[in-house]
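Enquirer: Below: sequence and its predicted model.
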Amino acid sequence: MSRTARHIFGAARGCMVAALCVAGDLLPGAEAPEAAALSDSAVRLDWTEQSDGWHLSRVAVRTPSGEISAGASVGRYTLLYSPSAPDNTPTPFFLPGHPEPFPGEFIYPTKKWQAATSSVSLNAAGEERTFFPAGLERTATGAWLFRQETDVATLAAEWWLDASAPGDVEVAVTITAKRPGWFSIATPTLVELTPSELQWAVVPGYFQGNELNPNLPLALAYGHGLPDRPVLARERSVSTLASIATNRAGVTLAVVAAPGTAADPWPEDKAMRDVWRLGLSHMNRQGRLAPTLYHPVLGEEGSQLAPGEQRTFRFRYVLRQGDWFAALKHVINDVYRLPDFLALKQPARSLSDRLAALHRYVTDDRTSLWRTEEFGGLTIGAQAYLGGILGADKDGMKNSDYGAMWMLAKLTNDPKLVRDRLPFARNFKLAQQQTEPGFFQGAARGQYFLSKSRRFTEEWGDIAEPVALTYYTMLDLGNILLFAPEDRELRDRLRLGAERLLEWQRADGSWEVAYDHATQKPLYTETPDLRPTFYGLLVAYRILGDDKYLQAARRGADWLLKNAVQSGRFLGVCGDTRFAPDFATAQLAQALLDLHAITGHAPYRDAAVATAKFYVTSIFTHPLATGAEKSVQGRRRADWEITQAGLGFEHGGAIGSAWSRGPILLATHAGLFVRMHALTGEPLFRDLARAAALARDAFVHPATSVASYYWSDMNAGAGAFPHHAWWQIGWITDYLVAEATMRSAGQISFPAGFITPKVGPHRSYGFAPGRVLGEEADLAWGGVESGHPAVDTLVARSAKARRVFVVLLNQRAEPTTTRVRADVGALTGGAAVGWKNVQLRAGAEMVAQPAGDENQPVELPAFGLSVLVYDY
């Protein structure tokens with residue numbers, strides 16, 4: 001068929017099927033185009049007609065120095081079709097050196113992995129219809145409309161530029177079924193890259209890297225390189241709905257689903273995470289490197305069509321000179337509109353008020369499930385743990401955040417903590433560490449104590465992990481020793497752990513993932529330990545001062561820079577999910593920052609920033625948050641109140657808990673992200689921290705003030721994890737201190753302790769004085785009512801003067817006026833009955849306030865900071 005005939009045929013189809021003219025009417029009497037192009041100041045796309053249809057002949061970005069090719073131009077369309085529902089039988093895959101199919105005996109990831117290896121997930125289901133479109137017209141709006149007839153469906157694809165975002169090309173593909181069956185539309189392939197041309201590719205939340213890995217479990221379950229086949233990721237675990245690739249010329253291409261394309265995880269009145277409407281891949285169906293999306297997904301919701309039924313897939317291509325992170329930031333801010341989400345947020349309760357309530361919760365034996373047991377001649381104390389532990393009989397016990405425990409005791413001097421909690425929590429640490437000579441001397445016996453079987457154990461087996469030694473010996477003992485430096489027994493125990501870490505460190509600076517307790521043989525040898533295990537030796541150096549620990553920590557960090565950060569490969573710390581990458585990645589970022597603070601070695605700082613950018617792909621940024629009404633347990637809630645957007649997951653990808661439970665409410669990365677913003681000036685870090693931390697009241701249990709762990713539980717409370725309350729105290733305090741430091745440009749700062757074990761990078765405070773407005777001051781607790789749920793407070797007492805500082809943080813994107821009440825008796829320890837002078841520091845000015853007024857009026861700008869200074 002000639003070009004003119006094809007054009008006339010396409011135009012005739014457009015008149016017969018008006019719905020295919022997506023953006024506007026066709027130009028009347030238009031001649032068949034000789035060529036087609038879309039271009040603006042940032043991008044250029046050229047099509048030329050060949051014997052088999054319209055091909056893309058050039059895809060390039062425009063720069064001041066000229067155009068740069070995005071890769072080998074293609075323009076191929078792919079439509080998938082199946083006359084019957086696709087088979088979902090999984091295909092077995094194996095890790096190197098393992099005879100059993102992955103994931104072996106690990107029950108939690110099994111069903112997820114089976115779903116991830118079905119024929120649809122492996123992108124092997126259905127019949128391909130690949131073509132270059134035969135028909136082309138120009139619409140009255142200036143868009144290009146391509147058409148194609150196949151034996152199973154008619155396709156029309158309209159392309160136009162987004163005038164508000166140079167470099168963005170929007171597309172709407174509509175198919176009309178001719179035959180009954182199941183259909184899936186793939187985004188057309190703009191360009192293809194060879195492996196040698198690839199600089200970086202990422203499907204956020206699943207995998208990233210610059211090379212292909214032929215082992216599918218390592219690539220798909222752990223994100224260690226890119227799968228060597230065009231697997232489909234699911235929106236339930238993809239953090240940002242884009243597939244991104246950068247070539248070695250520095251051109252980045254992202255394919256982005258339009259808001260509303262993917263399934264809403266809470267569409268009306270319940271979680272519906274099983275719905276699969278969007279597939280994302282780093283390859284096209286032909287197995288070549290080319291970011292590609294699929295909608296609907298073959299065999300899934302919306303894919304079955306009768307003759308005459310239509311489906312439309314709307315998406316955009318983002319073409320930029322820049323790296324993957326710049327493209328990701330554009331998608332988050334400009335397509336899924338993170339700033340608009342922050343503008344919607346209206347806290348119903350301040351975080352500082354929650355801290356006071358959490359204090360009450362953790363000191364209530366009944367609600368916090370505090371228990372004591374006799375073991376090894378000691379009375380050990382911990383909270384009940386009712387989550388999954390291999391071999392448990394609902395008898396698990398665990399403490400979580402020792403830094404937060406000692407911090408709260410120091411700030412409140414609460415006898416319930418000082419007398420009834422800390423001594424028995426300390427004993428738990430002593431009992432938890434193995435002191436008998438041998439291969440495991442100094443290591444943690446396990447993070448959990450099982451009271452019925454009278455033993456410590458790990459989450460999923462009788463193993464010992466070097467990173468567990470870092471967590472449950474070095475970090476916990478190190479944080480205690482910051483508050484109790486005179487505790488000689490704990491110092492000796494810390495040294496015992498440090499020596500074991502030294503013994504286990506390999507010559508190249510790395511560690512094994514784990515050892516079998518019975519045989520002492522290394523386990524999980526298919527991957528190295530890509531976690532911040534070195535940090536335990538940094539703790540030892542800070543507490544004990546021996547330079548050999550610092551040098552060993554640096555060897556461990558140097559190895560991670562080369563083997564983890566450069567390749568974007570990480571490992572998690574949740575044994576029940578077989579160590580799928582998780583919040584340990586955020587811990588690595590903070591650990592490297594802490595190492596940089598001691599050494600001044602710039603590569604550690606740069607690697608920390610790079611790792612934090614990787615961790616952004618662990619934060620959900622969809623769906624688009626709105627004010628639409630939804631229902632939670634019969635109560636009306638605005639969509640923005642319950643959205644998963646802004647929250648990080650425990651672990652994502654093909655086998656993580658995000659699959660069924662969604663993200664988590666432990667926003668332990670929030671403080672780190674604020675610090676990253678202060679360090680780099682990148683607003684996305686700050687905005688994601690606020691998206692996670694603020695106005696999450698719908699997830700807070702009304703009676704206990706403990707937030708649920710998993711998003712899917714909404715406000716069910718602590719559930720099986722009462723010890724999480726301590727982590728909540730820890731991360732909220734860390735976040736508030738980080739915001740105060742950042743907003744005051746460093747005029748408010750406090751020395752930080754060590755990272756908490758396991759769940760993230762937040763740190764404890766209060767063991768040493770900080771500085772507020774040039775004065776040495778000690779962090780304090782309570783005694784202030786902010787007068788507004790959007791206003792948080794931090795309190796500090798001058799170390800040398802009779803003065804109290806009340807730091808006020810406006811936690812919304814609009815000005816807030818409030819009246820602050822400061823209890824003079826509580827804040828001065830009963831040393832005064834009234835305030836002598838009150839001043840307000842707002843910006844650079846110090847303004848006198850009426851000292852006799854119990855409630856001080858304060859006006860705060862959007863996300864602003866002020867300090868009330870009380871003299872007595």
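Expert: Done, it's in. Keep in mind the model is a prediction, meaning the values are calculated, not measured. Residues are numbered from 1 along each chain as shown.
Enquirer: From the chain's centre, how far out is stretch 787-805? Work that out for me.
Expert: Here stretch 787-805 shows a centroid-to-chain-centroid distance of 32 Å under the convention Cα atoms, centre = their mean, to the nearest Å.
Enquirer: now swap in stretch 529-538 and tell me
Expert: Its chain's average C-alpha position is 21 Å from that of stretch 529-538, according to Cα atoms, centre = their mean.
Enquirer: contacts for the helix or strand encompassing residue 352?
Expert: Residue 352 is part of helix 351-362 when elements are defined by DSSP states H and E. For helix 351-362, the external contacting residues (Cβ atoms under 8 Å, 6 or more residues apart in numbering) are 367-368, 408, 412, 414, 417, 421, 693-694, 700, 704-706, 725-726, 728-729, 732-733, 735-736, 781-782, 784, 786, 789, 792-794, 811. Quick note: C-beta positions are derived from backbone N, CA and C, even for glycine.
Enquirer: so of those residues, which ones are in strands?
Expert: 784, 792, 793, 794 (DSSP state E).
Enquirer: what's the most distant pair in the residues you listed?
Expert: The most widely separated members of the ones in strands among the contacts of helix 351-362, counting by Cβ to Cβ, are 784 and 792 (10.1 Å).
Enquirer: would you list every one of the helices in the stretch 51-200 of the chain?
Expert: With DSSP state H, counting those that start in this stretch as the criterion, the stretch 51-200 of the chain has helices at 107-116.
Enquirer: which regions of it sit below the pLDDT cut-off?
Expert: Of all residues in the stretch 51-200 of the chain, none has pLDDT under 70.
Enquirer: Show me the strands in it, by range?
Expert: With strands called from DSSP state E, counting those that start in this stretch, the stretch 51-200 of the chain shows them at 53-63, 66-69, 72-82, 127-131, 135-138, 144-149, 153-161, 168-177, 181-186, 189-192, 198-203.
Enquirer: mind listing what the nearest residue to residue 461 once chain neighbours are set aside touches?
Expert: Residue nearest to residue 461 in three dimensions, not counting chain neighbours: residue 390, with 5.9 Å by Cβ to Cβ, 6 or more residues apart in numbering. Taking Cβ under 8 Å, 6+ apart, we find residue 390 in contact with 457, 459, 460, 461, 576.
Enquirer: Repeat that for residue 173.
Expert: Contacts of residue 173 (Cβ under 8 Å, 6+ apart): 155, 156, 157, 185, 187, 188, 312, 313, 314.
Enquirer: Run a quick neighbour tally on residue 356.
Expert: 15 (other Cβ atoms under 10 Å).
Enquirer: Please disregard the earlier target; I meant residue 194.
Expert: Neighbour count for residue 194, taken as other Cβ under 10 Å: 11.
Enquirer: Pretty sure it sits against residue 248.
Expert: No. Using Cβ atoms under 8 Å, residue 194 is not in contact with residue 248; the gap is 10.2 Å.
Enquirer: for this structure, what's the longest helix?
Expert: Counting residues, the longest helix found in the chain (DSSP state H) is helix 724-743.
Enquirer: to the chain's geometric centre, what's the distance from that helix?
Expert: 17 Å.
Enquirer: Pairing partners for the following helix or strand past that helix, with directions?
Expert: Using DSSP H and E, the helix or strand that follows helix 724-743 towards the C-terminus is strand 748-749. Next to strand 748-749 in the sheet, as set by DSSP bridges, lie strand 770-772 (antiparallel).
Enquirer: Show me what the partner strand is in contact with.
Expert: Identification of contacts with strand 770-772 by Cβ under 8 Å, 6+ apart yields 747-751, 776-779, 796, 798, 805, 807, 867.
Enquirer: Give me the buried subset of those.
Expert: Buried subset of the contacts of strand 770-772 (neighbour count, 16 or more other Cβ atoms under 10 Å): 748, 749, 750, 777, 778, 779, 796, 798, 805, 807, 867.
Enquirer: Now residue 245: which helix or strand?
Expert: Using DSSP H and E, residue 245 falls in strand 242-247.
Enquirer: quick one, helices of the stretch 351-500 of the chain?
Expert: With helices called from DSSP H, counting those that start in this stretch, the stretch 351-500 of the chain shows them at 351-362, 365-368, 402-412, 415-420, 422-432, 466-469, 476-483, 488-504.
Enquirer: What is the neighbour count of residue 558?
Expert: Counted with other Cβ under 10 Å, residue 558 comes out at 18.
Enquirer: Hmm, residue 509 and it touching each other?
Expert: Yes. Applying Cβ under 8 Å, one finds residue 558 in contact with residue 509, separated by 5.9 Å.
Enquirer: Just the buried ones from the ones in strands among the contacts of helix 351-362?
Expert: Listed as buried from the ones in strands among the contacts of helix 351-362 are 784, 792, 793, 794; burial here means 16+ other Cβ under 10 Å.
Enquirer: Using CSV, lay out these together with distance to residue 474 and pLDDT.
Expert: Output for these, formatted as CSV (distance: Cβ to Cβ, whole Å; pLDDT from 0 to 100):
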residue, distance to residue 474, pLDDT
784, 35, 96
792, 32, 98
793, 33, 98
794, 28, 98
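Enquirer: would you list the contacts of strand 770-772 in CSV and tack on distance to residue 334 and secondary structure?
Expert: What follows is these, written out as CSV (distance: Cβ to Cβ, whole Å; DSSP: H, G, I helix; E, B strand; the rest coil):
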residue, distance to residue 334, secondary structure
747, 33, coil
748, 33, strand
749, 34, strand
750, 36, coil
751, 39, coil
776, 44, strand
777, 41, strand
778, 44, strand
779, 39, strand
796, 39, strand
798, 45, strand
805, 39, strand
807, 33, strand
867, 35, strand
